[in-house]
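Engineer: Model the following, please.
(one chain, ligands or ions: 2)
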Amino acid sequence: MSGTLRVLPLGGLGEIGKNMTVVEYDGRIVVVDTGLRFPTADMLGIDLVLPDFSYLRERAQEIEAIVITHGHEDHLGALPWVLRELGLDTPPPIYGGPLPMAMARSKLDEHRMQDVVLTDVDDGETIEAGPFDIELIHMTHSIPDSNAVALTSELGTVLLTGDYKFDQTPVDGRPADVSRLAELGRDGLLLLCGDSTNADRQGFSPSEAGVGPHLVEAFGRCEGRIVVTSFASNIHRVQQCVDAAATLGRKVALVGRSMRKNVNIGRSLGHIEVPDGIIVQPREIDDFPDHKIVIISTGSQGEPLSALRRMAHNDHRHIKLHDGDTVVFSATPIPGNERAVNDTIDRLYHIGCDVITTADAPVHASGHGYAEELKLMLNLTQPRYVLPMHGDFKRLHLHAQLAESVGIDPDAIFQGENGLPLEIDARGARFGEPEQSGMIFVDGVDIGDPADVALRDRRMLSADGIFIVVATISEQDGHSVVPPEVIFRGVPFVEQADELIEEIRGAVEASLERAAADGIREVDLVQQELHDDLAAFVYDRLKRRPMVLPVVVEV
Ligand SMILES: [Zn+2]
Ligand SMILES: [Zn+2]
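Structural biologist: Ligands and ions are numbered 1, 2, ... in the order given. Coordinates of the predicted model:
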């Protein structure tokens, strides 16, 4: 037993999201989760945030396996970039439950990485990966096929819980494998790396099964159409929304790309059952009376281009909300999304919709266990060492306190951070020297640090110049009130400049008229439309991609 076990979190500590952990024994590596985070409002021009995995780039050859605990973006989403950046001819084997693997497959297909091999692992099955035995242990969470990962080397077993709750009555009838967790504890667990997301909530989390009856009750009070929004990946919630609609004799329309995709994947794996004839297409909604329709939509987090946000801004192709409609938020905002959600809710009221949130009725149950469940996990597995994960520093700290409260030696509880490896050998456990960690940004399909984005902007400017278009629209009806101003710098065309400026003015006017006719009022959305229309127009005429900066002023 001369080896050293290293557990190096590259993401998910001191933050919510981009979970990724490197577990290493004598230089051989298993990566658990490759998650991402969505950018905050101040990260302009950034599409996604990934953990900085430079550490792995330098050690790509040493990776024995990548294991995905479950299909949420903050655990799976970075996989295509990680695989691409590792630059291996043969990527390491990738393991996970059937649903996360199906979701990974669909992601990799979108990135044209069809040849990557993904292997479904059943819980309870053991796989060898270098010095490790990998075992998946079934857990309950807000997405099916969620697993904890036990990695056993000759030094002992590390358990990474992934996201979990102890739901005694899960919708699919499969509670967490408590007896296997207890067995690990009896055999002597070396290290527990546990989810801290809800360490600040007292007691036990409510069961997912409790949400269904509340949905039926809330839906039953609605006289008009119902729009219910939740995470598309929360397949059991979507099931309960479908069931509630069926109970009340309403048809169901699925709206939003990820909602349709996840329901399809869920149906093909048998995680969701949809009664025959209940589904209608979004464009058919108007063929049914309002009291016969439930729309299940994406956008519970107020995401800018999501179906619900578009509906709230009167910008959805098939659905025009009106008074009498009720929107049910069967989700709570992830920290950081509160403003976008509140903005969406306020727009809905403006249209005349009724809005039901978790403040009005228990139409949501968290997928993460509360304090008593974290204690239960600690008591079942009786770890020698504890490293709280998945949470901001406050929740990591509260998780550490919970560990202490159930009798774990305070010296055996490690409050870590991203990039700080916990090293365990026969003599004990301690933090090692920090490794590179942080975030990297994805902009479209390119990857880089923020300096690279600035660099890209500058490159674009130097090669193709910039167009600034200032449009002034009426706050009342969105129509253009003065001719748009077109300013350009560094655009390599001179001959037909005047003519082109005129044409661009025309294109701007046309784009604004279209937006006005579609009832789009929000300045952000108008600018987005204007940007897309103009960029296409300019490329069409000049075969160049200058930076296009639309500025819309409301008067
Ligand atoms: Zn998570
Ligand atoms: Zn999760």
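
Engineer: Tell me who's in contact with residue 300.
Structural biologist: Residues near residue 300 by Cβ atoms under 8 Å, 6 or more residues apart in numbering: 229-231, 308, 329-331, 341. C-beta: built from backbone N, CA, C; applies to glycine.

Engineer: Sorry, slip of the keys, the one I care about is residue 316.
Structural biologist: By Cβ under 8 Å, 6+ apart, residue 316 lies in contact with 255, 307, 310.

Engineer: Helices of the stretch 51-200 of the chain, residue ranges please.
Structural biologist: 54-57, 73-76, 79-86, 98-110, 178-187 (DSSP state H, counting those that start in this stretch).

Engineer: gap between stretch 340-356 and the chain center?
Structural biologist: With Cα atoms, centre = their mean, to the nearest Å as the basis, stretch 340-356 stands 23 Å off its chain's centre.

Engineer: ok so, going back, with respect to residue 236, which of the helices of the stretch 51-200 of the chain lies nearest?
Structural biologist: With respect to residue 236, and counting by Cβ to Cβ, the nearest of the helices of the stretch 51-200 of the chain is helix 98-110 at 11.4 Å.

Engineer: hmm, the closest one touching ligand 2?
Structural biologist: No - on the criterion Cβ under 5 Å from the ion, helix 98-110 is out of touch with ligand 2, staying 10.2 Å away.

Engineer: Just the buried ones from the contacts of residue 316, in ChimeraX syntax?
Structural biologist: This is the ChimeraX syntax for the buried subset of the contacts of residue 316, where burial follows 16 or more other Cβ atoms under 10 Å:
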select :255,307,310
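
Engineer: so of the contacts of residue 316, which ones are in strands?
Structural biologist: Residues of the contacts of residue 316 located in strands (DSSP state E): residue 255.

Engineer: Nearest to residue 20 among the contacts of residue 316?
Structural biologist: residue 307 (29.6 Å).

Engineer: quick one: the closest one from residue 290, how far?
Structural biologist: 18 Å (Cβ to Cβ, to the nearest Å).

Engineer: Just want the phi and psi numbers for residue 483.
Structural biologist: phi -60, psi 140 (degrees, to the nearest 10).

Engineer: Skipping adjacent residues, who's closest to residue 211 in space?
Structural biologist: Once flanking residues are discounted, residue 211 sits nearest to residue 365: 5.1 Å by Cβ to Cβ, 6 or more residues apart in numbering.

Engineer: Just confirm the one you found contacts residue 201, I think it does.
Structural biologist: No - taking contacts as Cβ atoms under 8 Å, residue 365 lies outside contact range of residue 201: 11.8 Å.

Engineer: okay, the two: which has more neighbours?
Structural biologist: The neighbour count for residue 365 versus residue 201, taken as other Cβ atoms under 10 Å, is higher for residue 365 (22 against 18).

Engineer: which SS class is that one?
Structural biologist: Look at residue 365: counting by DSSP: H, G, I helix; E, B strand; the rest coil, its state is coil.

Engineer: Distance check, it against residue 500.
Structural biologist: From residue 365 to residue 500 the distance is 57 Å (Cβ to Cβ).

Engineer: Just the element for the nearest residue to residue 374 once chain neighbours are set aside, please.
Structural biologist: Among residues not flanking residue 374 along the chain, residue 402 sits closest, at 5.2 Å (Cβ to Cβ, 6+ apart). Take DSSP states H and E as the rule and residue 402 turns out to sit in helix 393-405.

Engineer: hmm, that helix touching ligand 1?
Structural biologist: No - where contact is defined by Cβ under 5 Å from the ion, no part of helix 393-405 touches ligand 1; the two come within 12.2 Å at best.

Engineer: Mind listing residues that contact that helix?
Structural biologist: 13-14, 194, 196-200, 371, 374-375, 378, 386, 388-389, 391, 410, 413, 415-417.

Engineer: can you pull the buried residues of that helix?
Structural biologist: 395-400, 402-403.

Engineer: where does the chain have low pLDDT?
Structural biologist: Low-confidence segments of the chain, defined by pLDDT under 70: 1-2, 40-46, 443-463, 492-496.

Engineer: Now the stretch 301-450 of the chain against ligand 2: closest residue?
Structural biologist: residue 367 (6.0 Å; Cβ to the ion).

Engineer: Please apply the same query to the stretch 1-150 of the chain.
Structural biologist: residue 72 (3.6 Å).

Engineer: Quick check, that residue in contact with residue 163.
Structural biologist: Yes - counting by Cβ under 8 Å, residue 163 is a contact partner of residue 72 at 6.9 Å.

Engineer: Common neighbours of those two, please.
Structural biologist: What both residue 72 and residue 163 touch, as defined by Cβ under 8 Å, 6+ apart, is the set residue 142.

Engineer: Residue numbers of the protein in contact with ligand 1?
Structural biologist: So the chain meets ligand 1 at 74, 163 (Cβ under 5 Å from the ion).

Engineer: what's the residue closest to the geometric middle of the chain?
Structural biologist: residue 73 (3.9 Å; Cα atoms, centre = their mean).

Engineer: Quick one: residues contacting that residue.
Structural biologist: Residue 73 neighbours (Cβ under 8 Å, 6+ apart): 35-36, 38.

Engineer: how about the residues you listed in TSV, adding secondary structure, distance to residue 144 and neighbour count?
Structural biologist: Rendered in TSV, the data for the contacts of residue 73 read as follows (DSSP: H, G, I helix; E, B strand; the rest coil; distance: Cβ to Cβ, whole Å; neighbours: other Cβ atoms under 10 Å):
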residue	secondary structure	distance to residue 144	neighbour count
35	coil	18	27
36	coil	21	27
38	coil	22	19
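
Engineer: Closest to ligand 1 out of these?
Structural biologist: residue 35 (6.9 Å).

Engineer: how close does that closest one get to residue 390?
Structural biologist: 10 Å.

Engineer: Quick check: neighbours shared by these two?
Structural biologist: 12, 19.

Engineer: Which single residue of the stretch 101-250 of the chain ends up nearest ligand 2?
Structural biologist: Counting by Cβ to the ion, the stretch 101-250 of the chain gets nearest to ligand 2 through residue 163 (3.5 Å).

Engineer: Pretty sure that residue sits against residue 75.
Structural biologist: Yes - counting by Cβ under 8 Å, residue 163 touches residue 75, with 7.3 Å between them.

Engineer: Compare the two and say which is more crowded by neighbours.
Structural biologist: residue 75 (29 against 26).

Engineer: Surely that one touches residue 69?
Structural biologist: Yes - at 5.6 Å, residue 75 counts as touching residue 69 under the criterion of Cβ under 8 Å.

Engineer: what touches both of these two?
Structural biologist: 33, 100, 162-163.

Engineer: quick one: contacts for residue 188?
Structural biologist: Residue 188 neighbours (Cβ under 8 Å, 6+ apart): 156-157, 382, 384.

Engineer: cool, residue 424 as well?
Structural biologist: 4-7, 155-156, 190-191, 385.

Engineer: cutoff 6 Å now
Structural biologist: Listed by Cβ atoms under 6 Å, 6 or more residues apart in numbering, the contact partners of residue 424 are residue 5.

Engineer: can I assume it sits in a strand?
Structural biologist: Yes - assessed with three-state DSSP, residue 424 lies in a strand.

Engineer: List the beta-bridge partners for it.
Structural biologist: For residue 424, the beta-bridge partners are residue 5, residue 429 (DSSP bridges).

Engineer: what's the spacing between stretch 360-368 and its chain's center?
Structural biologist: With Cα atoms, centre = their mean, you get 18 Å for stretch 360-368.

Engineer: for stretch 263-277, same thing?
Structural biologist: With Cα atoms, centre = their mean as the basis, the mean position of stretch 263-277 lies at 22 Å from the chain mean.
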